[in-house]
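> build the 3D model from these lines:
(chains A and B)
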Amino acid sequence: MSEQMVAGLMLDFDEDGFMADYTVWNEEIAEQLASSIGIDPLTERHWQVITFCRNDFMEQGEPPTLRRITSESGVPTKELYQLFPKGPAKKVAYIAGLKKPTGCI
Amino acid sequence: MFEDNGRKICIICSKGTLDMAYPGLILANAALMEGIDVVMFFTFWGLNMITKKQMNRLKSTPIGNPSMAMPNGMGIPNMLGILPGMTDFSTSMMRKEIAKLDFPPVDEFVQMISDAGGQIYGCKMSMDMMKLTADDLFDDANGVVGAMEFMEMSEGAQIIFI
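Residues are numbered from 1 along each chain as shown, chains lettered A, B, ... in the order given. Below is the predicted model of the structure:
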(Lines give C-alpha, C1' and ligand atoms only; values in the text may rest on other atoms or scores of the structure.)
Protein backbone atom coordinates (compact mmCIF):
# COMPACT_ATOMS: atom_id res chain seq x y z
CA MET A 1 0.00 0.00 0.00
CA SER A 2 1.17 3.50 -0.76
CA GLU A 3 -0.41 6.91 -0.80
CA GLN A 4 -0.20 9.42 -3.58
CA MET A 5 -1.73 12.80 -4.21
CA VAL A 6 -3.73 12.70 -7.45
CA ALA A 7 -6.06 15.46 -8.67
CA GLY A 8 -6.16 17.04 -5.24
CA LEU A 9 -7.06 13.82 -3.44
CA MET A 10 -4.88 11.56 -1.30
CA LEU A 11 -5.38 8.10 -2.83
CA ASP A 12 -4.31 4.63 -1.70
CA PHE A 13 -2.55 2.40 -4.21
CA ASP A 14 -2.20 -1.38 -3.73
CA GLU A 15 1.05 -3.37 -3.83
CA ASP A 16 0.78 -3.65 -7.64
CA GLY A 17 0.55 0.14 -7.92
CA PHE A 18 -3.14 0.19 -8.88
CA MET A 19 -5.83 2.23 -7.11
CA ALA A 20 -6.95 0.42 -3.98
CA ASP A 21 -10.53 1.71 -4.05
CA TYR A 22 -12.17 2.09 -7.44
CA THR A 23 -15.18 3.93 -5.95
CA VAL A 24 -13.20 7.11 -5.23
CA TRP A 25 -12.16 7.33 -8.89
CA ASN A 26 -13.27 10.27 -11.04
CA GLU A 27 -12.52 11.55 -14.53
CA GLU A 28 -9.94 14.03 -13.37
CA ILE A 29 -8.05 11.23 -11.59
CA ALA A 30 -8.18 9.21 -14.83
CA GLU A 31 -6.70 12.10 -16.80
CA GLN A 32 -3.84 12.54 -14.34
CA LEU A 33 -3.08 8.82 -14.09
CA ALA A 34 -3.10 8.60 -17.89
CA SER A 35 -0.80 11.55 -18.29
CA SER A 36 1.57 10.09 -15.66
CA ILE A 37 2.09 7.04 -17.94
CA GLY A 38 2.39 9.08 -21.11
CA ILE A 39 -1.17 8.93 -22.42
CA ASP A 40 -2.26 12.51 -22.91
CA PRO A 41 -4.85 13.68 -23.80
CA LEU A 42 -7.61 11.10 -23.37
CA THR A 43 -9.74 11.08 -26.52
CA GLU A 44 -13.33 9.98 -26.97
CA ARG A 45 -12.07 6.50 -28.02
CA HIS A 46 -9.95 6.22 -24.85
CA TRP A 47 -13.04 7.07 -22.81
CA GLN A 48 -15.09 4.48 -24.66
CA VAL A 49 -12.66 1.80 -23.48
CA ILE A 50 -12.30 3.18 -19.95
CA THR A 51 -16.06 3.44 -19.46
CA PHE A 52 -16.59 -0.07 -20.79
CA CYS A 53 -13.96 -1.44 -18.40
CA ARG A 54 -15.46 0.27 -15.37
CA ASN A 55 -18.98 -0.87 -16.17
CA ASP A 56 -17.79 -4.40 -16.87
CA PHE A 57 -15.81 -4.47 -13.62
CA MET A 58 -18.89 -3.47 -11.66
CA GLU A 59 -20.83 -6.34 -13.24
CA GLN A 60 -18.12 -9.02 -13.20
CA GLY A 61 -15.91 -8.07 -10.24
CA GLU A 62 -12.75 -8.49 -12.37
CA PRO A 63 -11.09 -6.11 -14.83
CA PRO A 64 -12.03 -7.38 -18.33
CA THR A 65 -9.52 -9.30 -20.43
CA LEU A 66 -8.28 -7.67 -23.64
CA ARG A 67 -10.26 -10.23 -25.59
CA ARG A 68 -13.39 -9.12 -23.80
CA ILE A 69 -12.59 -5.45 -24.35
CA THR A 70 -12.05 -5.89 -28.08
CA SER A 71 -15.10 -8.08 -28.59
CA GLU A 72 -17.52 -6.00 -26.48
CA SER A 73 -16.39 -2.36 -26.39
CA GLY A 74 -16.35 -1.78 -30.15
CA VAL A 75 -12.63 -0.92 -30.20
CA PRO A 76 -10.60 -3.46 -32.23
CA THR A 77 -7.22 -4.92 -31.20
CA LYS A 78 -5.10 -2.75 -33.50
CA GLU A 79 -6.68 0.47 -32.29
CA LEU A 80 -6.54 -0.59 -28.64
CA TYR A 81 -2.77 -1.04 -28.93
CA GLN A 82 -2.54 2.40 -30.54
CA LEU A 83 -4.63 4.05 -27.82
CA PHE A 84 -2.77 2.36 -24.98
CA PRO A 85 0.61 1.38 -26.43
CA LYS A 86 2.80 -1.31 -24.83
CA GLY A 87 0.50 -3.22 -22.53
CA PRO A 88 -3.09 -2.04 -23.02
CA ALA A 89 -4.84 -4.33 -20.51
CA LYS A 90 -2.84 -3.07 -17.55
CA LYS A 91 -2.78 0.54 -18.70
CA VAL A 92 -6.55 0.71 -19.13
CA ALA A 93 -7.15 -0.89 -15.73
CA TYR A 94 -4.69 1.55 -14.13
CA ILE A 95 -6.35 4.61 -15.66
CA ALA A 96 -9.85 3.29 -14.91
CA GLY A 97 -8.96 2.92 -11.23
CA LEU A 98 -9.31 -0.88 -11.27
CA LYS A 99 -7.01 -3.55 -9.88
CA LYS A 100 -4.34 -5.31 -11.93
CA PRO A 101 -5.93 -7.64 -14.52
CA THR A 102 -4.96 -11.30 -14.26
CA GLY A 103 -6.62 -12.83 -17.35
CA CYS A 104 -4.47 -14.84 -19.80
CA ILE A 105 -6.12 -13.42 -22.89
CA MET B 1 5.54 0.18 -13.43
CA PHE B 2 4.93 0.94 -17.11
CA GLU B 3 8.47 1.76 -18.22
CA ASP B 4 9.57 0.24 -21.51
CA ASN B 5 12.44 -2.03 -20.51
CA GLY B 6 13.18 -3.10 -24.08
CA ARG B 7 12.34 -6.74 -23.39
CA LYS B 8 11.89 -8.92 -26.46
CA ILE B 9 10.73 -12.51 -26.82
CA CYS B 10 11.10 -14.83 -29.81
CA ILE B 11 8.83 -17.83 -29.97
CA ILE B 12 9.61 -20.70 -32.33
CA CYS B 13 6.56 -22.83 -33.15
CA SER B 14 7.42 -26.21 -34.64
CA LYS B 15 4.30 -28.27 -33.97
CA GLY B 16 1.17 -28.57 -36.08
CA THR B 17 -1.31 -30.11 -33.69
CA LEU B 18 -4.17 -28.14 -32.20
CA ASP B 19 -3.02 -28.67 -28.61
CA MET B 20 0.54 -27.57 -29.34
CA ALA B 21 -0.55 -24.49 -31.29
CA TYR B 22 -2.00 -22.75 -28.29
CA PRO B 23 0.99 -22.50 -25.92
CA GLY B 24 2.93 -20.33 -28.39
CA LEU B 25 -0.08 -18.18 -29.24
CA ILE B 26 -1.01 -17.64 -25.60
CA LEU B 27 2.55 -16.72 -24.61
CA ALA B 28 2.94 -14.36 -27.57
CA ASN B 29 -0.32 -12.63 -26.79
CA ALA B 30 0.49 -12.40 -23.08
CA ALA B 31 3.87 -10.86 -23.89
CA LEU B 32 2.24 -8.25 -26.14
CA MET B 33 -0.30 -7.46 -23.42
CA GLU B 34 2.67 -6.83 -21.13
CA GLY B 35 4.26 -4.46 -23.61
CA ILE B 36 7.01 -6.90 -24.63
CA ASP B 37 8.11 -7.07 -28.29
CA VAL B 38 7.31 -10.39 -29.93
CA VAL B 39 8.71 -12.20 -32.95
CA MET B 40 7.17 -15.55 -33.89
CA PHE B 41 9.01 -17.95 -36.17
CA PHE B 42 7.06 -20.88 -37.61
CA THR B 43 9.00 -23.90 -38.75
CA PHE B 44 8.13 -27.40 -39.97
CA TRP B 45 4.64 -28.47 -38.88
CA GLY B 46 4.26 -25.18 -37.04
CA LEU B 47 3.80 -23.61 -40.47
CA ASN B 48 0.31 -25.10 -40.49
CA MET B 49 -0.55 -22.52 -37.84
CA ILE B 50 -0.06 -19.66 -40.30
CA THR B 51 -1.01 -21.08 -43.70
CA LYS B 52 -4.44 -19.97 -44.90
CA LYS B 53 -5.41 -23.51 -45.87
CA GLN B 54 -4.43 -25.19 -42.65
CA MET B 55 -4.58 -22.72 -39.79
CA ASN B 56 -8.14 -23.52 -38.89
CA ARG B 57 -7.90 -27.23 -39.59
CA LEU B 58 -5.38 -28.25 -36.93
CA LYS B 59 -6.26 -31.45 -35.13
CA SER B 60 -5.45 -33.14 -31.88
CA THR B 61 -5.08 -36.88 -31.54
CA PRO B 62 -5.31 -39.08 -28.46
CA ILE B 63 -2.73 -41.53 -29.87
CA GLY B 64 0.55 -41.59 -27.98
CA ASN B 65 -0.70 -39.09 -25.45
CA PRO B 66 -1.27 -40.79 -22.12
CA SER B 67 -2.22 -37.46 -20.55
CA MET B 68 -5.23 -36.94 -22.75
CA ALA B 69 -8.50 -37.73 -21.04
CA MET B 70 -12.17 -36.98 -21.55
CA PRO B 71 -13.54 -34.02 -19.57
CA ASN B 72 -14.81 -36.55 -16.99
CA GLY B 73 -11.26 -37.74 -16.36
CA MET B 74 -11.53 -41.07 -18.18
CA GLY B 75 -8.40 -41.84 -20.21
CA ILE B 76 -8.46 -42.78 -23.90
CA PRO B 77 -6.50 -46.02 -24.54
CA ASN B 78 -4.25 -45.94 -27.63
CA MET B 79 -6.12 -48.97 -28.99
CA LEU B 80 -9.28 -46.86 -29.16
CA GLY B 81 -7.41 -43.84 -30.45
CA ILE B 82 -6.68 -45.60 -33.74
CA LEU B 83 -10.36 -46.11 -34.55
CA PRO B 84 -11.68 -44.05 -37.48
CA GLY B 85 -13.17 -40.77 -36.33
CA MET B 86 -11.32 -40.64 -33.00
CA THR B 87 -9.02 -37.80 -34.10
CA ASP B 88 -11.99 -35.74 -35.26
CA PHE B 89 -13.80 -36.53 -32.05
CA SER B 90 -10.93 -35.45 -29.83
CA THR B 91 -10.36 -32.37 -32.01
CA SER B 92 -13.93 -31.19 -31.72
CA MET B 93 -13.88 -31.83 -27.98
CA MET B 94 -10.74 -29.76 -27.58
CA ARG B 95 -12.11 -26.93 -29.76
CA LYS B 96 -15.15 -26.75 -27.51
CA GLU B 97 -13.04 -26.62 -24.35
CA ILE B 98 -10.85 -23.88 -25.85
CA ALA B 99 -13.90 -21.82 -26.84
CA LYS B 100 -15.35 -22.22 -23.34
CA LEU B 101 -12.31 -20.38 -21.96
CA ASP B 102 -12.94 -17.62 -24.52
CA PHE B 103 -9.72 -18.38 -26.44
CA PRO B 104 -10.23 -17.67 -30.15
CA PRO B 105 -9.72 -20.22 -32.94
CA VAL B 106 -6.18 -20.34 -34.39
CA ASP B 107 -6.78 -18.02 -37.37
CA GLU B 108 -8.39 -15.35 -35.23
CA PHE B 109 -5.67 -15.73 -32.58
CA VAL B 110 -2.84 -15.29 -35.10
CA GLN B 111 -4.60 -12.23 -36.52
CA MET B 112 -5.01 -10.81 -33.02
CA ILE B 113 -1.27 -11.22 -32.33
CA SER B 114 -0.44 -9.58 -35.64
CA ASP B 115 -2.84 -6.69 -34.95
CA ALA B 116 -1.23 -6.25 -31.54
CA GLY B 117 2.13 -5.73 -33.22
CA GLY B 118 3.55 -9.26 -33.01
CA GLN B 119 5.75 -10.18 -36.00
CA ILE B 120 5.00 -13.42 -37.80
CA TYR B 121 7.62 -15.16 -39.96
CA GLY B 122 7.65 -18.43 -41.86
CA CYS B 123 10.81 -20.56 -41.99
CA LYS B 124 12.27 -20.49 -45.50
CA MET B 125 13.73 -23.98 -45.53
CA SER B 126 10.56 -25.64 -44.25
CA MET B 127 8.48 -23.71 -46.75
CA ASP B 128 10.72 -24.78 -49.61
CA MET B 129 10.43 -28.37 -48.46
CA MET B 130 6.66 -28.19 -48.26
CA LYS B 131 6.38 -26.28 -51.57
CA LEU B 132 4.80 -23.29 -49.88
CA THR B 133 5.23 -19.65 -50.94
CA ALA B 134 4.58 -16.38 -49.12
CA ASP B 135 1.13 -16.32 -50.80
CA ASP B 136 0.13 -19.42 -48.85
CA LEU B 137 0.69 -17.65 -45.53
CA PHE B 138 -2.06 -15.63 -43.87
CA ASP B 139 -2.32 -12.14 -45.33
CA ASP B 140 -0.63 -10.13 -42.57
CA ALA B 141 2.42 -12.40 -42.17
CA ASN B 142 5.59 -10.30 -42.05
CA GLY B 143 7.57 -12.53 -44.38
CA VAL B 144 9.73 -15.58 -44.90
CA VAL B 145 13.17 -15.78 -43.33
CA GLY B 146 16.02 -18.26 -43.02
CA ALA B 147 17.54 -19.52 -39.79
CA MET B 148 20.44 -17.06 -40.01
CA GLU B 149 18.13 -14.09 -40.44
CA PHE B 150 16.15 -15.35 -37.48
CA MET B 151 19.36 -15.32 -35.44
CA GLU B 152 19.88 -11.68 -36.39
CA MET B 153 16.30 -10.79 -35.46
CA SER B 154 16.47 -12.55 -32.14
CA GLU B 155 19.61 -10.79 -30.94
CA GLY B 156 19.21 -9.96 -27.27
CA ALA B 157 15.80 -11.64 -27.11
CA GLN B 158 14.60 -14.45 -24.90
CA ILE B 159 13.83 -17.51 -27.01
CA ILE B 160 11.08 -20.04 -26.43
CA PHE B 161 10.98 -23.21 -28.53
CA ILE B 162 7.72 -25.08 -28.79
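> and A:Lys78, helix, strand or coil?
helix (DSSP: H, G, I helix; E, B strand; the rest coil).
> what about it, neighbour count?
Residues lying near A:Lys78 (other CB atoms under 10 Å in any protein chain shown) number 15. Quick note: C-beta positions are derived from backbone N, CA and C, even for glycine.
> tell me how far it lies from B:Val110.
Counting by CB to CB, to the nearest Å, the gap from A:Lys78 to B:Val110 is 14 Å.
> same check, this time on A:Phe52
25 Å.
> what about these two, which has more around it?
Taking other CB under 10 Å, A:Phe52 and B:Val110 do not tie; B:Val110 has more neighbours (28 against 19).
> just how off-centre is the strand or helix carrying that one within its chain?
Here B:Val110, judged by DSSP states H and E, is contained in helix B:106-115. Chain-centre distance of helix B:106-115: 10 Å, with CA atoms, centre = their mean, to the nearest Å.
> kindly report the same for stretch B:1-20.
10 Å.
> quick one: end-to-end distance for that stretch.
32 Å (CA to CA, to the nearest Å).
> max-length helix in chain A?
Taking DSSP state H as the criterion, chain A has its longest helix at helix A:44-60.
> other residues contacting that helix?
Here helix A:44-60 makes contact (CB atoms under 8 Å, 6 or more residues apart in numbering or on different chains) with A:22, A:25, A:30, A:34, A:39, A:42, A:63-64, A:68-69, A:72-75, A:79-80, A:83-84, A:92-93, A:95-98.
> got the residues of chain A near chain B?
A:16-17, A:37-38, A:65-68, A:70, A:76-78, A:81, A:85-91, A:94, A:104-105 (CB under 8 Å from any CB of the partner chain).
> next step: those residues restricted to helices.
Using DSSP H, the subset of the residues of chain A next to chain B located in helices is A:66-68, A:70, A:77-78, A:81, A:88-91, A:94.
> now, the most widely separated pair of the residues you listed?
Using CB to CB, the two most remote members of these are A:Lys78 and A:Tyr94, lying 21.1 Å apart.
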